[in-house]
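A.B. asks: Sharing a sequence plus its predicted fold:
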Amino acid sequence: MEGDNGNGEEMVPGPCLSGYVDDGSTESHRYYLSRRTVLEMLRDRGYSVHPSEIDLSLQDFRALHGQTPDVDRLRFSAAHPSDPSDRILVIYCGPGIVKVNVIRGLHSQITNKDTLTGLILILQSQITSQALKTLDLYPFKVEMFQITDLLVNITKHVLKPKHQVLTERAKQNLLRKYNIEEKQLPRMSQKDAIAKYYGLERGQVVKVIYSRDITKAHVTYRCVW
């Protein structure tokens, strides 16, 4: 809007607010954000993820998948560079409640089970207790995330300390250095958001680094249980 700013000077119109509004579907935006977080999560676990996949723009994502993406087309897998046989598959479930027939259907669709070491299911609704029991059909680890928990990468939050997963060798060196046992370390629940992000198992240890603006960074260690 043009006008006078009160000083006799003509006001130059700024950018229209509508230019900042996302005119695409909320559904496609949710899929885009969650997919990016999962790709970053797999990369942080050491799997091979091409940067171009993570850097894909929302516009390009919609050009590929449309405003109402087909969950089957969103499936992808990633392998570990040091061990190509270590491969994890990511599957999006539909918007409905995940029942036994859904889990069994997915199980029958995965024809290369012997070449997988893990499966990540991204849920958009609840999963029934019977469906949870049916996960025992899978001969590998199955992880589940709600899509709403993947819209933001929690490890990028400015208030979150940095976490570094220790190798088994580094863990044993730590225990010897301080002459302590694993059970004496502070604990982290396997259900903790950070533990789920890195896919941590019981007994694994993470180095937690708290940054300080004035003082030196504070470091502690936590053992998953």
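C.D. replies: That came in fine, so what should we check first?
A.B. asks: Name the nearest residue to L185, sequence neighbours excluded.
C.D. replies: C223 (4.1 Å; CB to CB, 6 or more residues apart in numbering). C-beta coordinates here come from the backbone N, C-alpha and C atoms, glycine included.
A.B. asks: Closest to the geometric centre of this protein, which residue is that? Let me know.
C.D. replies: V38 (3.7 Å; CA atoms, centre = their mean).
A.B. asks: Could I get the full set of strands for the chain?
C.D. replies: 3-4, 10-11, 76-80, 83-92, 118-123, 141-146, 162-165, 187-188, 205-210, 218-224 (DSSP state E).
A.B. asks: Quick one, which of those strands gets closest to K196.
C.D. replies: Closest to K196 of the strands of the chain is strand 141-146 (CB to CB; 7.1 Å).
A.B. asks: can you list contacts of the closest one?
C.D. replies: 38, 117-124, 127, 135, 196, 199 (CB atoms under 8 Å, 6 or more residues apart in numbering).
A.B. asks: at 7 Å what do you get?
C.D. replies: 118-123, 127, 135, 199 (CB atoms under 7 Å, 6 or more residues apart in numbering).
A.B. asks: what's the farthest-apart pair in those residues?
C.D. replies: Checked with CB to CB, those reach their widest spread between I127 and G199, with 18.6 Å between them.
A.B. asks: What distance do you get for T167 to V219?
C.D. replies: 17 Å (CB to CB, to the nearest Å).
A.B. asks: can you point me to the longest helix in this protein?
C.D. replies: Identified as the longest helix of the chain according to DSSP state H is helix 26-44.
A.B. asks: Show me where this structure dips below the pLDDT cut-off.
C.D. replies: 1-21, 158, 212-215 (pLDDT under 70).
A.B. asks: My read is that H29 contacts D22, right?
C.D. replies: Yes. Contact criterion CB atoms under 7 Å: H29 and D22 qualify, at 6.4 Å.
A.B. asks: Please say which of these two ends up with more neighbours.
C.D. replies: When H29 and D22 are compared for neighbours, H29 comes out ahead with 16 against 9, by other CB atoms under 10 Å.
A.B. asks: Now do the contacts for the more buried one.
C.D. replies: 22, 58.
A.B. asks: Q126 contacts K99, correct?
C.D. replies: No. Taking contacts as CB under 7 Å, Q126 lies outside contact range of K99: 9.8 Å.
A.B. asks: Who has more neighbours out of those two?
C.D. replies: Between Q126 and K99, counted using other CB under 10 Å, the more crowded position is K99 (15 against 12).
A.B. asks: Look up how far C93 lies from the more buried one.
C.D. replies: Taking CB to CB, one finds K99 at 10 Å from C93.
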